[in-house]
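Enquirer: Quick one, structure for this:
(chains A and B)
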Amino acid sequence: MTTSPLMGRRRFVQGLALGTGALGIGGLGMSPAKLLASQGQTGAATLSGNTFNLAIGGADVNLTGTTRPATLVNGSLPAPTLRWREGDTVTLNVTNYLPETSSIHWHGLLLPFQMDGVPGLSFDGIAPGETFTYRFPIKQNGTYWYHSHSRFQEQSGVYGAIVIDPAEADPEPVDRDYVMVLSDWSDEKPEQIYATLKKLSHYYNFNERTIFDTLRDFREKGVVQTLKDRHMWNTMRMSQSDLADVTGYTYTYLLNGRSPNANWTGLFKPGERVKLRFVNASAMTFFDIRIPGLDMTVVAMDGQPVKPVRFHECRLGVAETIDVIVTPEKKQAFTVFAQSIDRSGFARGTLTPDPAMSAAVPEMDPPPLLGHTEMGMGGMAGMNHGDMEGMNHGAMDHGKMDHGAMKGMQHDDMGHGGMKHAGMQHKGMQHDGDHKVPFAFVADNPDLAPRTSAVQHLDSEYGPGVDMRAMAPAAMLDDPGIGLRERDWKVLTYADMETAGGPPDSLTPDREIVLHLTGNMSRYMWSFNGIKFADSVPLELYHGERARITLVNDTMMTHPIHLHGLWSDLELGGGRLLRKHTITVKPGEKLSYLVRADATGRWAYHCHLLYHMEAGMFREVRVVDNATTKEARS
Amino acid sequence: MKQTHLITAAALLALSPLVQAVDKHEPAFSRVIVDEFEARDADEGTVAAWEAAAWYGGDLNKLYLSTEGERLMDNGGETEGFETRVAWNRAFAPFWDWQLGARRDWQPDDPNRDWASFGVQGLAPYLFESEATLFVGEEGLTNLRLEAEYEILFTQKLILVPAVEANFYGKEDEELGIGEGLTDIEAGLRLRYEIRREFAPYIGVNWERRFGDTAAKTRGAGDDVSETTLVAGVRLWF
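Expert: The predicted structure is shown next:
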């Protein structure tokens, strides 16, 4: 088989070629093939042991045909893969050769907070020319990653994988083991991307609906139905095609530092068990990953082993990792295909028994449109959103709904008369009704104002920074998400997985903290509960307590929410938990996870979409000593 | 440039309650947008017309500067008149800002006019960019200006923009020949092609008409009350 032509919308991209930068490391003029040879399969060296010297510095790279400045670790993109062993204590001397403060955060690692690498919380950051020595014991195993937590250095190249071998022999040994780092590269400077989003938030969206789309809808759905459908979007002033803030217009999507044309290639022998450790190290991109012709079996998520589930496609959120096993039996090549959530581009690589073979690259799907589920109008996952005829709003249990919160939705204008929502399962609300966990209340913390239900919108959500509020957020753990609902193959969801060995900790929380994910797309403001980080006060957890964090996504975007230093045990229902470090929350979704506050200190808690974090979707979480806090509060 | 930044920064410091502690401070951004910079094929010759704005600030508070005007390019050139505005722009609702500021009308042949301005601008339902501003001038002059603009996408880059502006005066401005009530309406239809988002040449048609006493005064002076022109120009921002 030969490679099909790459889609026309993508610019021609060249292979990775690292230039000489401030570090003087790299291979200007080296062919991609030679680089492949010198840098190993990941496009980055693998460093193992327990002492590491890492240098963050400027370097030039050419991923698109244009040589552009990057920020790299040890001159490679991605940064070197670090191979550790559970039970060891690692020492990492990180030297900053950049002209600005830098840092490394070890994503998903349990460690003393001073080693967590968040400037302003863990430490002051690493000043230019200085070396910071991280040292911490390794108390876990699996696939993780590391990245800069300073400004936008992560976008411009400071990210790499961490593989921690278990202290004891792997119960599920494999024949081959590949790290698959997915990322998004832009020739634009990240500061420029951020400024552009602040000036014109839809700048990178080239999938807006045109007048011809409207005329086609007139033909296919009828004028009245089309106008009804559009009415809601028009009154809400939202774009139905706003799936990604930053798109393939500026991004080139990479697999192990290689553009689609440079085609990262991994070898296997037919019949071998091959482990693929996918790391979504991108700044802004959700990837839908599949390998046409091969099913995958998930064995770990975010480094933590899960009960194996066979699937064909999964959506990997920014900062999540997933370990899968594939067993290609035939002597043929397979394409690893990872398209962005908005279908504006893809990363691609090849698994093959023979370096000369490659497989067809699938066409990207047509870009999906946001629907009523994303609007937070109720749990309608799996339904055909183009056609609202089959739903009946009349049967909705409005008694349980928070009508006070609906004023912002212009409910009267929404033309519900024509919709029928019979049989809608408001799982989220039922959960809400029967929980007995008290809501956290702290008088001087506006995030923890008194609330009567998790779906209630606090007063702080009514301001210029919040452009919509979900009316009926729903449990959607078994929803594959927008663009993946109509697949005729198995799409992995959180609901399919469960931490291996049963719940790793208690199922019973002491308190419930509710945060709504909020934003204003056109102003490019992002926040929790309508409050930006700049205006927030730290959330306090009491040392040792089991807290439930409930997230309600009031935006139309998918957000990967990452809590540093503590596990997030996602509540799947039925006594099942899924242990994670980053949890993706879909538009209109309400979910809960349990956190054991077993590490004191100052931790970052934020949306892992880089520009959302920068815009204010960020909190400091302080794990404080229980006794003193309670005294101080009483 | 640096000086401008200092001045605007100082202005924002004075205005904004949002100045934060060092590590939480909100960065400021700026945008310059030349919405219209065009040649109009008018009866008296080619007229250059412009409409441009710049802002500097954070999410909620911005300093706005704007200008619009016309200049006759033929016969040696003559600026027909233009206005400059400065305003503090404050976001107060998800899609709406209010503006507090000042406007000066510069008129080579007539006395200048100074106004205080109180405005609301934003995105109305159905995605109409809208603006309503009340100007209060000297000697009890008032001018209410309503503006609306809409974008129709033919493709992602070919965009048709109908726009309309209407002015009302609370009392007549005898010296300038402006009557009470509805004074004028200007409507435009511009088709632009965004070579990049930031740079779009366009062609279009612009229609202006005076009404009521203003029209009567214009007629009295022997001028046309209505004018339709073809326009060609460029829209750009950075």
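Enquirer: Buried ones in the helix or strand where B:V34 lies, by neighbour count?
Expert: Using DSSP states H and E, B:V34 sits within strand B:29-42. Neighbour counts over strand B:29-42 (16 or more other C-beta atoms under 10 Å in any protein chain shown) mark B:29-31, B:33-36, B:38, B:40, B:42 as buried. Every residue, glycine included, has its C-beta placed from N, CA and C.
Enquirer: Over to stretch B:219-228?
Expert: Across stretch B:219-228, burial judged by 16+ other C-beta under 10 Å covers B:E227.
Enquirer: on that earlier part again, any chance of a markdown table for the buried residues of strand B:29-42, columns pLDDT and distance to chain A?
Expert: Listed next are those as a markdown table, based on pLDDT from 0 to 100; distance: C-beta to the nearest C-beta, whole Å:
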| residue | pLDDT | distance to chain A |
| --- | --- | --- |
| B:F29 | 97 | 5 |
| B:S30 | 97 | 9 |
| B:R31 | 98 | 5 |
| B:I33 | 98 | 9 |
| B:V34 | 98 | 14 |
| B:D35 | 97 | 13 |
| B:E36 | 97 | 17 |
| B:E38 | 97 | 21 |
| B:R40 | 95 | 27 |
| B:A42 | 91 | 31 |
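Enquirer: Could you check the pLDDT of B:G76?
Expert: Per-residue confidence at B:G76 stands at 76 (pLDDT).
Enquirer: how many other residues sit next to it?
Expert: Residues lying near B:G76 (other C-beta atoms under 10 Å in any protein chain shown) number 6.
Enquirer: pretty sure it is in a strand, no?
Expert: No - residue state for B:G76 (DSSP: H, G, I helix; E, B strand; the rest coil) corresponds to coil; a strand is not indicated.
Enquirer: roughly how far apart are it and chain A?
Expert: For B:G76, the distance to chain A equals 38 Å [C-beta to the nearest C-beta, to the nearest Å].
Enquirer: What residues does that residue make contact with?
Expert: B:G76 makes no contacts at all, as judged by C-beta atoms under 8 Å, 6 or more residues apart in numbering or on different chains.
Enquirer: What distance do you get for it to B:L153?
Expert: Taken as C-beta to C-beta, to the nearest Å, the spacing of B:G76 relative to B:L153 amounts to 42 Å.
Enquirer: Adjacent strands (with direction) for the strand holding B:V34?
Expert: strand B:45-57 (antiparallel), strand B:226-237 (antiparallel) (DSSP bridges).
Enquirer: what does chain B have sitting close to chain A?
Expert: Residues of chain B lying close to chain A (C-beta under 8 Å from any C-beta of the partner chain) are B:18, B:20, B:23-26, B:29, B:31, B:59-60, B:91-96, B:123, B:125-127, B:152-156, B:197, B:237.
Enquirer: Got a PyMOL select line for the buried ones in these?
Expert: Listed next is the PyMOL selection for buried residues among these, using 16+ other C-beta under 10 Å:
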select buried, chain B and resi 18+26+29+31+59+60+91+94+95+123+127+153+197+237
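Enquirer: State the number of residues packed around B:V86.
Expert: Per other C-beta under 10 Å, the neighbour tally for B:V86 reads 17.
Enquirer: okay, the angle between the helix or strand where it lies and strand B:29-42?
Expert: Element membership for B:V86 (DSSP H and E) is strand B:78-93. Angle, strand B:78-93 to strand B:29-42, by axes from the mean of the first three to the mean of the last three C-alpha atoms, to 10 degrees: 140 degrees.
Enquirer: And for strand B:78-93, what's in contact with it?
Expert: By C-beta under 8 Å, 6+ apart, the surrounding residues in contact with strand B:78-93 are A:463-464, A:523, B:11, B:15, B:47, B:50, B:55, B:57, B:59-72, B:97-108, B:110, B:117, B:119, B:121-122.
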